[in-house]
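Colleague: Make a model of this:
(chains A and B)
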Amino acid sequence: MALFNLIILFLNVSVFAQQKLPELMTKQALQNIRLITKDGKFTYYQRGSKSLLLSSNYSVKEILTSDQGSHFDVISTLSRKRILVILDKNFHKKHSITQPREIYWAPFGGEKMTKLGMGNAANLHLNDEWASVYSIIDRTIKFINLSNSDLDFSIKLSNRFNPFFIPQIEMINEDRVLYTDINKDGLYGLLSYNRTTKRNKLIYKVDEPYFKIDFCLNKNDLIIGHFSYDSSQKYSQILHSDISKVDLKELYLSTSNDIGNLFCPQDENLVYFVKDTSGKRKRFTSDIFSLDIKSKELKQQTKMNTVSQIINMDGMILVPSKGKYYVLRGNSKLNTLDQLKGN
Amino acid sequence: MTLRLSWQSLCFRLCLLFLFAQHAAFAETPGVIDSLQKIMDEQKNLFIKKRDDLRSSIGLSTPITQEQFDQSIIHPDFLAGVILNSAPRYLYLVNDNICNFAALVENSLIKSATGAIDEIPVLVKSNKRPFLIPKDEYIKLSEKKCPGLKRKAELFSAQNLRATLNSIKYPEPTSTNECHRIVDDWKDNSFLPYLCRIPNQLTKGRNAKYILDKKKNLSLRERRELRRIKLLADNINERSTFKQRQYLNFLCDGLLNKERFCKPFLASDVWTKIINKNLPDYLLKYKCHSLYGRNNITEAQLRTCGLKIKTEPELCYWKTSRGFSSLLPANNCEKVSDALAESRLKADYNDCPGIIMNNSLNNIHRIYSHFKKENQSGQLVVNSSDCSAQTYASLASLYLSNKIEDRWPLNVCYFDRIEDDRVCRMYIPGEQNSPYSENKVVTEILKRLMPLPTNSLCKVIDSNKFNPALLEYKIGCYIIRDLKNCNQSPCPRKIVVKEKEVKGIEYIGSMEQNYIPSTYAKKRYAGIHILEESLKIKNKTINNFTELMVFFNQKEKGIIHGIGCIEDLLPEFFQSKIINACRPMSFIIDGIVGGLDDKKLVFRAAIDHVHSPRLMNWQNIFNAVSRYKEMHPLKSWTLYGAF
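Modeller: Down below sits the predicted model:
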């Protein structure tokens, strides 16, 4: 009987090991996709290297065109009111982190593109009413109200340490912004900027230049990740606080060399992050784990050993690995929902 | 004359000395053991008394004959003083080779109770008759039993020192056993006392210099003597190389304790190897420039810097790359050492990726610099310490040597009144030995627009260094690079002549260069093909890790380069939240580190500091190249082995 149980156990383990996440299936070639909504109603995709198209309701419209060799990125949130498009006109000719790109916004599912400006990174905030645009050269974050430009404001970063640093930015409300910065000694900090008083307040700071801070907001929860760049200085910590009164409490602590890259879905009490799963093995492996904000339960979500990023596409959580995308949460068969005619 | 000092004899004599000392001490304060210093002092006084008695009894003018010398032994009291006052590592050399005693005396490596040996008292065995022989005479008389002493002295004289040192082999060990053998071989080498004089003399020279600098109330005689010692050391410095001096220092220090000689050579870290000249110093010197904040450092400072980097690994996070606009933090110095130990990229320069807007140009420059020959045709020499100028110079060299300068995108344009037309002229950013050098082109243009002295030549300078308050900037012509608003390659410029900004000269074009062809029609102009044509190299596609390992095994000087999405290459630095987000980044892999199951690649992204490689997992490379391939117009697999 014991032997039988053992055999069953081995079978279960091997089956579990072989269980793979479903691969994302789309009618379009996957590398052309820029956004498919989870209900399949809208698909933004790139055709060739010149144009960005929107497919909806069995019709296709070209919403932005550019020079040959361009690349488009599309950013959206669960609010689904607007999208941002980042256009890189020299995607193959100019490999540059610092080169500013053109940034546009459009209504979600709409065609009218409005240019926001130039920058290196952009995000939508507060029910898609605000956009933040960061320019590496100016070291400035511009906050743009998409309805009333009179409300626009900007924050200048201190960072002169890392010329390729792109801050993480979140707006708590119209008056308060959280962002990461680096001081002259190379130390990461998370700051809270008050628009009324025009003052910064330090929320959290690391004590060595080989640490970084990731953070995300999950409704009223602020989640801060403290991770190490240096694989010989293994330290990973995740802290949590109510956003109204910052009182950080530890959720997770480990001597593993986690990558971090936190992601907070807005509809779960979880935070996802990329964790080091090497253990005692010398070869580095990593996978996505989820951490329950209330119960602190840590759960392994993938078993692929090569995961380093967590992708959010309209609430679906995708896992990129070896040139493909796998679906951790959401519908993997978008080829059945996608309303574009198959190519 | 015979002299045999076995270990037993040495110990016996030391014991005798101690017993003697204790007797004297007990006589004074019975039951108390005195300090060694006091014993030595008493022994010294005793010897001085005996020597003076000897002098007065025999007189210095009485010469000893060769026959008498051959029958004599060194006076025991004098010998006891030598044993007590000399470094054991040199005394040990006398053990099996009596001629070493004379050589050690000649090279002042052993001392008597009164210090430096100027005369040696001997006793003729047959009749116990004492003689006091001056040092030079002693050496001369020893020639009969020890032929070659005179010849060796000549070889190591000031005139012949350089040639002699260059003719000697300095074997460096690669294992502990080999190292011990090397030390034992040196001990049998009759040149050794002459060689060990070198580090000894250099130490005396340093001490003399220190005393001369610090002590003010020296007598004229003392000052003269210290200067003489310092001069001897300076002469040795001039006639020897750093590597030779260092080797001899380790050797003579490690004659008894072999680990002292072996340790520097068997150290596995790169910094020690660089200090010992086993690896090129450019791997360290640019880090030291950053650390000290200046470009000129001496050999001694380089050594100190290397030791500092070795013992403070956190310095490499950013302090050794600051000012060079690269991705930070870098790895710590231990990891950088591991990477550099297996790195084969030739990189005797510094570059600044953050200032070159198009980072693939940086990668092309690094590949060019690795493969270019000493007198590569068309190579441009950069005149300034500007780090970005070197990159542009490499690119321009490639264009010129491939005769495609008509495609060079950078031009300076102005309205020429004489030609009554807008004229554009090709320029290479920075200052080089080329007619297309930016400063030369702009100067020529200015001469057509305004009166300028014939011998005027504009200088290229960064905005943070240009200070119009200083006199030197009030006259002359300056091309000021605006680093603060640099959003293109190259950065925007302003031209100032005698404090006035010159309008009407326009810089047009920016460096956009396909690293690999994105269309078949324009294949010829892609960076990878220009490199092949110019440097006569080939690029072989690397499809998997096995091919990568085989490539490194087969091509000794080959390096791997490619393009991938930076979110996959360096996910800890660049988070990606949206599908198909990719910022292409070129990179170089030039080595493999690690054992069977934990191999890592020596990796430099184009935005990394060239002297701070990272250790990268193969899976990151594979993911990055796979994703970029899907986005590439020709679906090219962009990982190549260049050789």
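
Colleague: just how off-centre is stretch B:280-288 within its chain?
Modeller: The chain centre lies 7 Å from the centre of stretch B:280-288; the measure is C-alpha atoms, centre = their mean, to the nearest Å.

Colleague: Equivalent analysis for stretch A:173-187, please.
Modeller: Counting by C-alpha atoms, centre = their mean, stretch A:173-187 is centred 18 Å from the centre of its parent chain.

Colleague: Pass me the low-pLDDT residue ranges in chain B, would you?
Modeller: For chain B, applying pLDDT under 70 flags the ranges B:1-34, B:55-62, B:96, B:375-378, B:381-385, B:484-489.

Colleague: Report the central residue of it.
Modeller: In chain B, the residue lying closest to the centroid (C-alpha atoms, centre = their mean) is B:Asp281, at 3.7 Å.

Colleague: Spell out which parts of the stretch 301-450 of chain B neighbour chain A.
Modeller: When proximity is defined by C-beta under 8 Å from any C-beta of the partner chain, the stretch 301-450 of chain B lies next to chain A at B:314, B:317-318, B:325-329, B:331-332, B:334-335, B:353-354, B:357-360. Quick note: C-beta positions are derived from backbone N, CA and C, even for glycine.

Colleague: In strands, which of the residues you listed appear?
Modeller: Among these, no member is found in strands (DSSP state E).

Colleague: Can you tell me which of those end up in helices?
Modeller: Cross-referencing these against helices under DSSP state H gives B:334-335, B:359-360.

Colleague: To what extent is the residue lying closest to B:Ile110 once chain neighbours are set aside buried, counted in neighbours?
Modeller: Spatially, and ignoring its direct neighbours in sequence, B:Ile110 is nearest to B:Ser86 (3.9 Å; C-beta to C-beta, 6 or more residues apart in numbering or on different chains). B:Ser86: 17 surrounding residues under other C-beta atoms under 10 Å in any protein chain shown.

Colleague: does B:Ser86 really touch B:Lys111, like I thought?
Modeller: Yes. If you go by C-beta atoms under 8 Å, B:Ser86 and B:Lys111 touch, sitting 5.3 Å apart.

Colleague: Checking my notes, B:Arg51 in a helix, right?
Modeller: Yes. Counting by DSSP: H, G, I helix; E, B strand; the rest coil, B:Arg51 is part of a helix.

Colleague: State the number of residues packed around it.
Modeller: Residues near B:Arg51, counting by other C-beta under 10 Å: 20.

Colleague: again, but for B:Glu67
Modeller: Neighbours of B:Glu67 under the rule other C-beta under 10 Å: 9.

Colleague: how about A:Asp73, secondary structure?
Modeller: When classified by three-state DSSP, A:Asp73 comes out as strand.

Colleague: Spit out the contact partners of it.
Modeller: A:34, A:85-86, A:88, B:578, B:580-581 (C-beta atoms under 8 Å, 6 or more residues apart in numbering or on different chains).

Colleague: Ignoring the adjacent residues along the chain, who's closest to it?
Modeller: Once flanking residues are discounted, A:Asp73 sits nearest to A:Ile86: 4.3 Å by C-beta to C-beta, 6+ apart.

Colleague: Kindly report the same for B:Pro173.
Modeller: Here the residue nearest B:Pro173, using C-beta to C-beta, 6+ apart, is B:Cys179, at 3.5 Å.

Colleague: From B:Ile275, how far off is that neighbour?
Modeller: 17 Å (C-beta to C-beta, to the nearest Å).

Colleague: Kindly report the same for A:Phe273.
Modeller: Taking C-beta to C-beta as the measure, A:Phe273 falls 42 Å from B:Ile275.

Colleague: buried sites along stretch A:184-194?
Modeller: When neighbours are counted by 16 or more other C-beta atoms under 10 Å in any protein chain shown, the buried residues of stretch A:184-194 are found to be A:186-193.

Colleague: same deal with stretch B:422-434?
Modeller: Buried, per 16+ other C-beta under 10 Å, within stretch B:422-434: B:426-432, B:434.

Colleague: gap between the two ends of that stretch?
Modeller: When the termini of stretch B:422-434 are compared using C-alpha to C-alpha, to the nearest Å, they are 23 Å apart.

Colleague: same deal with stretch A:80-98?
Modeller: End-to-end distance (C-alpha to C-alpha), stretch A:80-98: 29 Å.

Colleague: and B:Thr304, what helix or strand is that in?
Modeller: Using DSSP states H and E, B:Thr304 maps to helix B:299-311.

Colleague: Flag every buried residue along that helix.
Modeller: Quick answer for helix B:299-311 (16+ other C-beta under 10 Å): B:302-303, B:305-306, B:308-310.

Colleague: what kind of secondary structure is the residue nearest to A:Leu328 when sequence neighbours are not counted in?
Modeller: Counting by C-beta to C-beta, 6+ apart, A:Ile317 is the residue found nearest to A:Leu328 once chain neighbours are left out, at 4.2 Å. Recorded secondary structure, A:Ile317: strand (three-state DSSP).

Colleague: Does stretch A:274-287 reach chain B?
Modeller: Yes. For a cut-off given as C-beta under 8 Å from any C-beta, stretch A:274-287 has contacts with chain B, namely A:274, A:281-284.

Colleague: Centre of the chain to that stretch, how far?
Modeller: Centroid displacement of stretch A:274-287 relative to its chain, using C-alpha atoms, centre = their mean, is 22 Å.

Colleague: can you tell me the average pLDDT over it?
Modeller: When pLDDT is averaged along stretch A:274-287, the result is 90.

Colleague: the helices in the stretch 251-400 of chain B, which residues?
Modeller: Assigned by DSSP state H, counting those that start in this stretch, the helices in the stretch 251-400 of chain B fall at B:258-266, B:270-275, B:282-292, B:299-311, B:333-342, B:359-371, B:387-401.

Colleague: so which of these gets nearest B:Leu380?
Modeller: helix B:387-401 (4.2 Å; C-beta to C-beta).

Colleague: Report the angle between that closest one and helix B:359-371.
Modeller: Interaxial angle of helix B:387-401 relative to helix B:359-371 (axes from the mean of the first three to the mean of the last three C-alpha atoms, to 10 degrees): 70 degrees.

Colleague: Please identify the residues of the stretch 451-600 of chain B in proximity to chain A?
Modeller: Proximity of the stretch 451-600 of chain B to chain A is confined to B:485-489, B:512-515, B:518, B:563, B:566-568, B:571-586, B:594-595, B:597-598 under the rule C-beta under 8 Å from any C-beta.

Colleague: Recalculate using a threshold of 6 Å.
Modeller: Contact residues (C-beta under 6 Å from any C-beta of the partner chain) of the stretch 451-600 of chain B with chain A: B:487, B:512, B:514, B:518, B:571-572, B:575-579, B:581, B:584-586, B:597-598.

Colleague: buried subset of the residues you listed?
Modeller: Neighbour counting with 16+ other C-beta under 10 Å marks B:487, B:512, B:514, B:518, B:571-572, B:575-579, B:581, B:584-586 as buried within those.

Colleague: Could you break chain A into its assigned domains?
Modeller: According to automatic domain parsing, chain A comprises the domains A:1-156+A:330-343, A:174-309.

Colleague: Looking at those, spot the one closest to B:Val502.
Modeller: domain A:1-156+A:330-343 (24.9 Å).

Colleague: what's the most distant pair in the buried residues of stretch B:422-434?
Modeller: Farthest-apart pair in those is B:Met426 and B:Glu431; separation 15.4 Å (C-beta to C-beta).
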